[in-house]
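J.: would you be able to build a 3D model of this:
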Amino acid sequence: MRFVRSCIWLCLAVLMLPAMAQPVRMKDLGRLSGWRENALVGYGLVTGLAGTGDSARNQATRQSLANMLSRFDITIGADEVQSRNVAAVMVTASLPAFARAGDTIDVSVTSVGDARSLVGGTLVLAPLKGADGRIYALAQGAVSVGGYRYDANGNQVQKNHPTVGTISGGAAVEVGVVDDQATPKTERLTFVLRDPDYTTAGRIAEAINAKVGQPVAQVRDAAGVEIAVPAAQQAHVAPFIMELETVSLQPDRIARVVVNERTGTVVAGGDVRIDRVAVSQGDLKVTVTAETTVSQPMFVRQTAAGVRTQAVTNSQMAVDDKGNSAFVEARNNTVADLVQALARLHVSTRDVISILQAVKAAGALHAELVIQ
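T.: Predicted coordinates for the structure are as follows:
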């Protein structure tokens, strides 16, 4: 009971947090158009495994190992490869927007065969390609795995996923995204909002115009703000972008209530509005008990052929309707007030979630209800 009450008051404390109107930097609300990461993918081999690699049934691994050895003037057929110390893997990485040749990036390594574990393995040099088929980075290094798996005499002990690992800084960028040549003149920029909203876009345009001192920004749509670079800064636009990143404003917030049914968590802004609503919640408890007994013929010296011991199950059902339904009337038009009233009646957290869903279905909750 104390645990349930603690959950209720924790939920209430989150809901009752005051909405602090703090300015937010423009750089925290989105990005300039063209700034994005690029996905890279490659195929490789992880060697040095302690018998936990791919089995001989994996033809791709055997062929890949034979091909790799042929580069070192070692000729061996794929059918002759029997080592379980090698695993075929896929290597993935994200190339940052301003990566240059020589930079290092993190890579993820995942098994594609029937390897049991990648613990202790080392990735052999693997090229990473972009969507255009061009090689942008080369990956190699010791694989770090946050788990393990051990087998012995039919027993198995496993923690996390030992067939997935990472290599910190394991890939060297060979082809950068940024051109080191002279940057062409930039006349216009487009700022893209992370959460599209016309009100926030309008406030960004107003803040930029106030900062620059002239009407250089205008709203294109809910997700974009067009910015005209002043003529004096078009040749070297970096200082102008630095000035834009420091622009602060108060973004508009969408009313949203987030409900996690698995953990029983409810998070909402303290000013999320609801209409006047009355909530009645009853308590009906149904209990079913079963008792199994054995019917065995007693005091019978000689029984017939069809007489035998029989197990009999007796079931009982009890319905407990306490009849003390909780009635709550929300008057102050906020979700926090409703949850506070329910907490005073010691309503469980999961019942609070069900009530919020019912209030949304009744059309009284003026917010987006996100159920996870």
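
J.: rest of the way, CA atoms for contacts and neighbours
T.: Noted.

J.: so G48 is in contact with V119, correct?
T.: No. Assessed by C-alpha atoms under 8 Å, G48 is found out of contact with V119, at 9.0 Å.

J.: out of the two, which sits in the more crowded spot?
T.: When neighbours are counted by other C-alpha atoms under 10 Å, G48 and V119 differ, and V119 comes out ahead with 24 against 18.

J.: would you confirm that A171 contacts A137?
T.: Yes. Using C-alpha under 8 Å, A171 is in contact with A137, at 6.0 Å.

J.: how about the helices of this protein, start to end?
T.: In the chain, the segments counted as helices under DSSP state H are 2-15, 59-70, 198-212, 238-245, 335-344, 349-361.

J.: got those helices as TSV, with mean pLDDT columns?
T.: Shown next, in TSV, are the helices of the chain (pLDDT from 0 to 100):
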stretch	mean pLDDT
helix 2-15	45
helix 59-70	89
helix 198-212	90
helix 238-245	86
helix 335-344	73
helix 349-361	78
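
J.: need the winner for burial among the ones you listed.
T.: helix 335-344 (a mean of 22; mean count of other C-alpha atoms under 10 Å).

J.: what angle do that one and helix 349-361 make?
T.: 140 degrees (axes from the mean of the first three to the mean of the last three C-alpha atoms, to 10 degrees).

J.: off-centre distance for helix 335-344?
T.: The chain centroid and the centroid of helix 335-344 are separated by 30 Å under C-alpha atoms, centre = their mean, to the nearest Å.

J.: convert the C-alpha atoms of that helix to CSV, please.
T.: Output in CSV follows, covering the C-alpha atoms of helix 335-344 (Å, rounded to 0.1, in the frame of the first residue of the first chain):
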residue,chain,number,x,y,z
VAL,A,335,-4.8,17.7,-15.2
ALA,A,336,-2.7,18.3,-12.1
ASP,A,337,-5.8,19.2,-10.1
LEU,A,338,-7.6,16.1,-11.2
VAL,A,339,-4.6,13.8,-10.3
GLN,A,340,-4.3,15.6,-7.0
ALA,A,341,-7.9,14.9,-6.2
LEU,A,342,-7.5,11.2,-7.2
ALA,A,343,-4.4,10.9,-5.1
ARG,A,344,-6.3,12.1,-2.0
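
J.: which elements pack onto it?
T.: Counting contacts by 3 or more C-alpha pairs under 8 Å, 6 or more residues apart in numbering; DSSP states H and E, helix 335-344 packs against helix 2-15, strand 326-330.

J.: go again with 10 Å.
T.: Packing partners of helix 335-344 (3 or more C-alpha pairs under 10 Å, 6 or more residues apart in numbering; DSSP states H and E): helix 2-15, strand 265-268, strand 277-281, strand 326-330, helix 349-361.

J.: dig out what the closest residue to Y43 other than its chain neighbours forms beta bridges with.
T.: Distances taken as C-alpha to C-alpha, 6 or more residues apart in numbering place M90 nearest to Y43, at 4.7 Å, with adjacent residues excluded. Note on M90: beta-bridge partners by DSSP bridges are Y43, T110.

J.: what separates M90 from Q22, distance-wise?
T.: Separation of M90 from Q22 (C-alpha to C-alpha, to the nearest Å) stands at 44 Å.

J.: just N85 next, same as before
T.: Distance from N85 to Q22, counting by C-alpha to C-alpha: 56 Å.

J.: tell me which of these two has more neighbours.
T.: Between N85 and Q22, N85 has the larger neighbour count (other C-alpha under 10 Å), namely 18 against 10.

J.: OK, contacts around that one?
T.: With C-alpha atoms under 10 Å, 6 or more residues apart in numbering as the criterion, the residues that contact N85 are 46-55, 115, 118, 121.

J.: run the last query once more with 8 Å
T.: T47, G48, L49, A50, G51, T52, G53, D54 (C-alpha atoms under 8 Å, 6 or more residues apart in numbering).

J.: and the fourth one, what does it touch?
T.: It refers to A50. Going by C-alpha under 8 Å, 6+ apart, A50 touches R84, N85, G120.

J.: domains of this protein?
T.: Residue ranges for the domains of the chain, per automatic domain parsing: 2-19+256-283+323-371, 38-173, 185-249.

J.: of those domains, which is nearest L32?
T.: domain 185-249 (4.4 Å; C-alpha to C-alpha).

J.: just how off-centre is that closest one within its chain?
T.: With C-alpha atoms, centre = their mean, you get 31 Å for domain 185-249.

J.: also stretch 252-269?
T.: With C-alpha atoms, centre = their mean as the basis, stretch 252-269 stands 16 Å off its chain's centre.

J.: start the count at 55, not 1, going forward
T.: Fine by me, first position is 55 from now on; the one you just mentioned is stretch 306-323.

J.: just the mean pLDDT for that stretch, thanks.
T.: For stretch 306-323, the mean pLDDT works out to 74.

J.: give me the below-cutoff pLDDT ranges for this protein.
T.: For the chain, the stretches with pLDDT under 70 are 55-75, 202-214, 232-238, 315-318, 323-325, 331, 333-346, 348-362, 366-387.

J.: now with 50?
T.: Within the chain, the ranges that satisfy pLDDT under 50 run 55-73, 235-236, 338, 340, 375.

J.: what's the closest non-adjacent residue to V227?
T.: With sequence-adjacent residues excluded and distances taken as C-alpha to C-alpha, 6+ apart, V227 is closest to A191, at 4.3 Å.

J.: in the sheet, who's paired with the one you found?
T.: Assessed by DSSP bridges, A191 has beta-bridge partners L182, V227.

J.: the one 4 residues further on now?
T.: Beta-bridge partners for G195, by DSSP bridges, are L177.

J.: before we move on, back to that, count the residues that sit near the residue nearest to Y97.
T.: By the criterion of other C-alpha under 10 Å, M144 has 19 neighbours.

J.: isn't it right next to T115, touching?
T.: No. Using C-alpha under 8 Å, M144 is not in contact with T115; the gap is 11.9 Å.
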